[in-house]
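1. quick one, what's the 3D model for this:
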Amino acid sequence: MIKLLKNKEVRKALLWQLLLSAAACAVCFFFDIRAGLTAAGLSLLLMLAFCISTYKRYQRISSLADDINQVLHGDSSIDFDSYSEGELSILHSEIYKMTIRLREQQQTLTREKAYLADSIADISHQIRTPLTSINLLIGLLSEPKLTDARRQQLIHELYELLSRIDWLITTLLKISRLDAGTVQFKQEQVSLEELLKKSCVTLLIPMELRGQALLIHADGAFRGDLSWTSEAIGNIVKNCMEHTPEGGRIEIDAAENALYSEIIIKDNGTGISPEDLPHIFERFYKGKDSDGKSFGIGLALSRMIITGQGGTVKAENRKPAGAMFTIRFYKGTV
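-> Numbers count the residues shown, from 1 in each chain. Reported below is the predicted structural model:
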């Protein structure tokens, strides 16, 4: 109770009650002494009731403050049902909402922390593998009796490994930018034919060396970021190329309708194994048929770029053999 009297607002309220009670008692004593005594008794009772109710309110606020302190220190078992009624119910309701949000944020941060740790472990593993090979190649290049043909072969392998590391780091930086939400996709009106040609231009020579045929049928336009989208489509076509045997065929059909622009990429390769199909767009996921050069991030980057522009991408197997990727860019909210 002494702590209660230290509150300035409580002291002011008691002072006003005391002044009003004194004035009321004086008036009552002026007319009748019994009325004055009755007024004085009632005034004392009202002041005592005010002090008791205020003290209980302070106790509830103190208890609520302790509960909030427990929430801030990680206790997620706090129950606010005891605050469901009374004059503090609005405050209790808002604090309960705040508690739910804090718990959700804590769970999100925990998931993001675990995801970041896993990503760092995956990245370090992906970089460590080619670096180990580079160290071995450098050791072989230092041998004095190495022939010129062998040296040229080792230099070529070293160049390929460095190119892979450069591609990995560049792709990871792009993924981090997309994760951070710092990428602003342009809204360009581009023909689908131009988009597909730009997407496949770097793959024409590798496909020619493999004896693979690339067939493109495009009609209509696409609205979006030409540079980012061509990279997303290029990664998907590259995946089809790597899983299509020599002499195989890759077909790309693109068309536009009133709702969306659709791009369908098909190959007649080995297809996607059923156990890999649900995870093919996951970051750092490698299917059982992937080679040792795969990092497992190309398709993940493609999905991030496509979905970041409001599109969708789906992978499935086609009959009798091969894989098919369906990409759709919607013109509005559907």
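2. rest of the way, CA atoms for contacts and neighbours
-> OK.
3. measure stretch 201-211 end to end?
-> Taking Cα to Cα, to the nearest Å, the first and last residues of stretch 201-211 lie 16 Å apart.
4. so which bits of that stretch are buried?
-> Across stretch 201-211, burial judged by 16 or more other Cα atoms under 10 Å covers 207, 210.
5. before we move on, what about stretch 97-107?
-> Going by 16+ other Cα under 10 Å, stretch 97-107 has these buried residues: 99, 102-103.
6. now it: mean pLDDT?
-> Over the span of stretch 97-107, the pLDDT mean works out to 77.
7. how far away from the center of its chain is that stretch?
-> 17 Å (Cα atoms, centre = their mean, to the nearest Å).
8. what does stretch 16-30 give?
-> With Cα atoms, centre = their mean, you get 67 Å for stretch 16-30.
9. just the CA trace of that stretch, in PDB.
-> Output in PDB follows, covering the C-alpha atoms of stretch 16-30 (Å, rounded to 0.1, in the frame of the first residue of the first chain):
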ATOM      1  CA  TRP A  16      -9.500  15.400  -4.600                       C
ATOM      2  CA  GLN A  17     -11.600  12.800  -2.800                       C
ATOM      3  CA  LEU A  18     -10.500  14.200   0.600                       C
ATOM      4  CA  LEU A  19     -11.300  17.700  -0.400                       C
ATOM      5  CA  LEU A  20     -14.800  16.800  -1.800                       C
ATOM      6  CA  SER A  21     -15.500  14.600   1.200                       C
ATOM      7  CA  ALA A  22     -14.500  17.400   3.600                       C
ATOM      8  CA  ALA A  23     -16.800  19.900   1.700                       C
ATOM      9  CA  ALA A  24     -19.700  17.400   1.700                       C
ATOM     10  CA  CYS A  25     -19.200  16.700   5.500                       C
ATOM     11  CA  ALA A  26     -19.100  20.400   6.300                       C
ATOM     12  CA  VAL A  27     -22.400  21.000   4.500                       C
ATOM     13  CA  CYS A  28     -24.000  18.000   6.200                       C
ATOM     14  CA  PHE A  29     -22.700  19.100   9.700                       C
ATOM     15  CA  PHE A  30     -24.200  22.500   9.000                       C
END
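10. identify the residues contacting residue 247.
-> Contact analysis of residue 247 by Cα atoms under 8 Å, 6 or more residues apart in numbering lists 210-213.
11. do residue 235 as well
-> Residues in contact with residue 235 (Cα under 8 Å, 6+ apart) are 298-299, 302.
12. cool, residue 191 as well?
-> Residues in contact with residue 191 (Cα under 8 Å, 6+ apart) are 219-222.
13. sort out for me which of the residues you listed are in strands.
-> Among those, DSSP state E puts 221-222 in strands.
14. can you give me the pLDDT of residue 257?
-> Residue 257 is assigned 91 on the pLDDT scale.
15. show me the shaky parts of this protein.
-> Applying pLDDT under 70 to the chain flags the ranges 1-7, 67, 71-94, 116, 119, 122, 287-295, 332-334.
16. okay, helices next: where are they in it?
-> Assigned by DSSP state H, the helices in the chain fall at 2-5, 8-31, 33-72, 89-141, 148-180, 192-200, 204-209, 226-242, 298-308.
17. can you put those in JSON lines and add distance to residue 330?
-> Output for the helices of the chain, formatted as JSON lines (distance: least, Cα to Cα, whole Å):
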{"stretch": "helix 2-5", "distance to residue 330": "64"}
{"stretch": "helix 8-31", "distance to residue 330": "61"}
{"stretch": "helix 33-72", "distance to residue 330": "43"}
{"stretch": "helix 89-141", "distance to residue 330": "30"}
{"stretch": "helix 148-180", "distance to residue 330": "20"}
{"stretch": "helix 192-200", "distance to residue 330": "14"}
{"stretch": "helix 204-209", "distance to residue 330": "29"}
{"stretch": "helix 226-242", "distance to residue 330": "14"}
{"stretch": "helix 298-308", "distance to residue 330": "10"}
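18. any idea which of those helices gets closest to residue 249?
-> Residue 249 lies closest to helix 226-242 among the helices of the chain, at 8.6 Å (Cα to Cα).
19. can you pull the buried residues of the closest one?
-> Buried residues in helix 226-242 (16+ other Cα under 10 Å): 226, 228-242.
20. and the residues you listed, which is closest to residue 49?
-> residue 228 (71.8 Å).
21. so that closest one makes contact with residue 307?
-> No: counting by Cα atoms under 8 Å, residue 228 does not reach residue 307; the two are 11.7 Å apart.
22. could you check how many residues crowd around residue 256?
-> 19 (other Cα atoms under 10 Å).
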